[in-house]
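1. Okay, structure incoming, though there's no sequence with it:
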């Protein structure tokens, strides 16, 4: 009898806890970008070239009155490759770096029990750098290019709720960007051929389609 009472009490407490958890609206979320590991898994661990186009790797968001979501995120990417030849004594090095940040504010509208739609505005900042070095044994050629800037524009999001704690998330952005680009080459044996070129105040609209799929942990 006591065992039955204990089991019934346990089931009742579990039911109450589950029911309470079911009605909680969590205000905070941490988002992790799943795109790169998914692509690498599909491509059997081959390098993921789309990483250069993914805005953020990790993001944090919080909601206000279940109507507004404020989201900030940051991302980084590095691809370093070094190739050498024992026959010709050549050496090639490529180093690609990218840093990015994105902040968004969305007005939320539930589409259904599982789906959430948001529309708002996003602000971004990005820095891209590519350096290449070629050592032929007679001369060392170093070339570089970089761009830096930021953008602002409208955006929409879609979120699918898996359960009370987990959700899938993606977003579209149309950003009006202002950025600066620079490129140049340096020759160790022929410095008179060195050159540097800088172009400022480039502008344009960049459409960021949902190349990234995030999983949200709500708390």
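-> Okay, I see it. Please read these numbers as outputs of a predicted model, since none were measured by experiment.
2. List the contacts of the residue nearest the centre of the chain.
-> In the chain, the centroid-proximal residue (C-alpha atoms, centre = their mean) is residue 56; its distance is 1.9 Å. With contact taken as C-beta atoms under 8 Å, 6 or more residues apart in numbering, residue 56 is in contact with 31, 33, 73-75, 100-102, 212. (Each C-beta comes from the backbone N, C-alpha and C, glycine too.)
3. Now intersect these with the helices, please.
-> Of the contacts of residue 56, none are assigned to helices by DSSP state H.
4. just these now: which is nearest residue 148?
-> When the contacts of residue 56 are ranked by distance to residue 148 (C-beta to C-beta), residue 100 comes first, at 10.6 Å.
5. For that closest one, which residues count as its bridge partners?
-> residue 75, residue 126 (DSSP bridges).
6. can you give me the helices in the chain?
-> Along the chain, the segments classed as helices by DSSP H run 2-22, 35-42.
7. Quick one: low-confidence residue ranges for this protein.
-> The chain contains residues with pLDDT under 70 at 1-24, 36, 39-40, 42-55, 87-88, 200-202, 208-211.
8. any idea how far residue 96 lies from residue 185?
-> Separation of residue 96 from residue 185 (C-beta to C-beta, to the nearest Å) stands at 17 Å.
9. what does residue 217 give?
-> Taking C-beta to C-beta, one finds residue 217 at 46 Å from residue 185.
10. Enumerate every residue touching the closest residue to residue 56 other than its chain neighbours.
-> Closest residue to residue 56 apart from its sequence neighbours, by C-beta to C-beta, 6 or more residues apart in numbering: residue 73 at 3.3 Å. Applying C-beta under 8 Å, 6+ apart to residue 73 gives the contacts 31, 55-60, 101-103.
11. Distance to residue 38 added to the residues you listed, as JSON lines?
-> JSON lines is the format used below for the contacts of residue 73 (distance: C-beta to C-beta, whole Å):
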{"residue": "31", "distance to residue 38": "15"}
{"residue": "55", "distance to residue 38": "16"}
{"residue": "56", "distance to residue 38": "16"}
{"residue": "57", "distance to residue 38": "13"}
{"residue": "58", "distance to residue 38": "16"}
{"residue": "59", "distance to residue 38": "17"}
{"residue": "60", "distance to residue 38": "22"}
{"residue": "101", "distance to residue 38": "23"}
{"residue": "102", "distance to residue 38": "20"}
{"residue": "103", "distance to residue 38": "25"}
